[in-house]
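Got a predicted model here, sequence first, then my questions.
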Amino acid sequence: MLPELFSTQAFSRKVLNKSLADGTLIKVGRGHVIKPLNSPDKWKRIRHVKLGQIASHALRCNTPPIYIGVTAAMLHGLAATSPRTDTAIHTAGHHFEKKLLPAWIDLDTSSGQPIRTPMPPTPLICHKIDVSKDNTKYLGHHLRVTDLATTTLHCTACLPTENAQAIADSAAKKLITGWETANRSKQQALLKQIPQLQAQMTNLGNKYCNKTGAAQAREILANMDPRFESYAESLLHLASRLAQVKGLIPQFEVKVSAAQSYYLDAAIPKFRTAFEIDGMQKYHSADPEQTYAAIQGEKCRQSQLQKLGWHIYRFTYEDVSDVFGFANFLRSRLGTAWDGVSIPPWYRLRNSRLNL
């Protein structure tokens with residue numbers, strides 16, 4: 001999971017300076033460099049460097065620091081918005097490290113010609129909070145993080161609601177044993193564990209009282225659901241609750257024949273209304289034939305569903321990213337007046353204290 005660290009002492013000063021200047025090596029901390037990730041995805045390259053910075057920082061600390069918040073969420077592999085270049089690394093407790101980790105050069109070779117982009121230093125923020133040993137775990141020998149439940153609680157309390165909802169839904173997949181490896185039919189057998197998980201996490205949130213974000217955390221933890229499979233679907237989940245939509249079922253199965261069935265991202269069976277989120281990967285393949293086949297397959301799928309009386313609404317990430325506007329759309333399309341409906345007080349759009 002973590003990139004391989006190389007000591008700067010393994011290179012001559014001339015080679016090291018040249019490699020750092022052209023982006024073939026990236027300095028992630030005092031005495032450590034890594035090789036850049038060869039990927040066309042800018043966010044994967046940024047995440048690769050962030051993980052290298054965390055690994056280097058952990059090795060240099062005499063006492064392993066406790067990584068918390070979005071940093072712990074990244075190490076646990078939870079879904080959130082893509083990390084920015086200025087996404088900070090967060091720890092609990094004191095350590096010797098400086099407040100800024102080194103600037104670096106991003107190297108993009110996906111277009112054939114190398115494109116080098118200077119990236120700013122990464123802030124390192126030390127929070128003066130106490131974390132119980134029972135709420136921490138080790139990832140490997142040096143990385144010490146808050147456990148999954150505590151990480152989820154901290155993120156749902158401190159992050160903007162869109163990110164908090166995505167992290168909670170992503171954490172639910174890991175907190176329910178066997179969910180990530182189960183197929184669709186086996187996941188149906190695990191559905192009864194969702195209310196149990198929501199009750200357990202709500203109890204945890206109730207202990208987080210009289211603190212900033214406690215009300216938001218309790219509301220999100222009480223509705224976390226592993227069936228929302230992507231960040232965009234979690235935004236749909238949040239908007240549906242803001243719009244007070246009843247009867248929305250994620251990953252709803254529709255049988256079109258005895259041998260064939262389709263799964264809808266979210267559906268209201270009572271009204272035969274479905275909502276589909278179109279991602280970039282499905283329709284933007286490097287192979288034109290593969291893209292054409294995906295589009296034709298989706299047209300056939302939608303045609304069969306419409307013959308059964310389903311009305312399909314299709315959205316992109318940009319559509320659902322405006323959560324208030326999308327909630328307004330849901331209210332209007334479902335025939336309920338939006339005017340006069342109060343927004344739940346736990347929802348707030350504000351700058352994140354954890355800088356996600």
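Here it is on my side, so go on. Numbers count the residues shown, from 1 in each chain.

so His90 touches Pro65, yeah?
No: if you go by CB atoms under 8 Å, His90 and Pro65 don't touch, sitting 9.7 Å apart. Using the backbone N, CA and C atoms, a C-beta is placed for each residue, glycine as well.

Can you list the low-confidence ranges for the stretch 151-300 of the chain?
By pLDDT under 70, the low-scoring segments of the stretch 151-300 of the chain are 279-287.

mind listing the strands for it?
Along the stretch 151-300 of the chain, counting by DSSP state E, counting those that start in this stretch, strands occupy 249-255, 261-268, 273-277.

what's stretch 186-205 in contact with?
Residues outside stretch 186-205 that contact it (CB atoms under 8 Å, 6 or more residues apart in numbering) are 149, 152-153, 156, 168, 172, 175-176, 178-179, 182, 214, 217-218, 221-227, 251.

Report the buried members of the residues you listed.
Among these, those classed as buried by 16 or more other CB atoms under 10 Å are 149, 152-153, 156, 168, 172, 175-176, 179, 214, 217-218, 221, 223-227, 251.

Restricted to helices, list those.
Of these, the ones assigned to helices by DSSP state H are 149, 152-153, 156, 168, 172, 175, 214, 217-218, 221.

CSV please, covering these and showing distance to Gln296.
Output for these, formatted as CSV (distance: CB to CB, whole Å):
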residue, distance to Gln296
Ala149, 44
Thr152, 40
Leu153, 45
Thr156, 41
Ala168, 36
Ala172, 34
Leu175, 38
Ala214, 50
Ala217, 44
Arg218, 46
Leu221, 41
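
which among these gets closest to Tyr262?
Closest approach to Tyr262 among those (CB to CB): Ala172, at 23.4 Å.

got a pLDDT number for Glu97?
At Glu97, the pLDDT value in this model is 61.

thinking again about what came up before, among the strands of the stretch 151-300 of the chain, show me which one is buried the most.
Among the strands of the stretch 151-300 of the chain, strand 273-277 has the highest mean neighbour count (mean count of other CB atoms under 10 Å), at a mean of 21.

Name the surrounding residues that touch that one.
So strand 273-277 is contacted by 230, 232-233, 236, 252, 264-268, 305, 310-317, 320, 333-334 (CB under 8 Å, 6+ apart).

run the last query once more with 6 Å
Strand 273-277 has contacts (CB atoms under 6 Å, 6 or more residues apart in numbering) with 232-233, 264-267, 310-315.

Stretch 2-15 too?
So stretch 2-15 is contacted by 16, 31-34, 48, 51-52, 55 (CB under 6 Å, 6+ apart).

Now list the buried members of the residues you listed.
The buried subset of the contacts of stretch 2-15 - by 16+ other CB under 10 Å - is 16, 32-34, 48, 51-52, 55.

Same list, these, but as TSV with secondary structure please.
TSV is the format used below for the buried ones among the contacts of stretch 2-15 (DSSP: H, G, I helix; E, B strand; the rest coil):
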residue	secondary structure
Leu16	helix
His32	strand
Val33	strand
Ile34	strand
His48	helix
Leu51	helix
Gly52	helix
Ala55	helix
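
Pick out the most distant pair among these.
Within the buried ones among the contacts of stretch 2-15, Leu16 and Leu51 form the most distant pair, 21.3 Å apart (CB to CB).

Roughly how far does Gly140 sit from Asn223?
Gly140 sits 33 Å away from Asn223, going by CB to CB, to the nearest Å.

for Pro250, same thing?
Pro250 is 11 Å from Asn223, by CB to CB.

what do you get for Thr177?
21 Å.

can you check Lys299 too?
34 Å.

How about Asn203?
In this view, Asn203 and Asn223 are 15 Å apart by CB to CB.

Over to Thr24?
Taking CB to CB, one finds Thr24 at 47 Å from Asn223.

And Leu107, its phi and psi?
Leu107 adopts backbone torsions of phi -110, psi 110, taken as degrees, to the nearest 10.

got the contact list for it?
Leu107 sits next to 23, 36, 114, 116 when contact means CB under 6 Å, 6+ apart.

closest to Ala293 among the ones in helices among the buried ones among the contacts of stretch 186-205?
For those, the nearest to Ala293 is Ala172 (32.7 Å; CB to CB).
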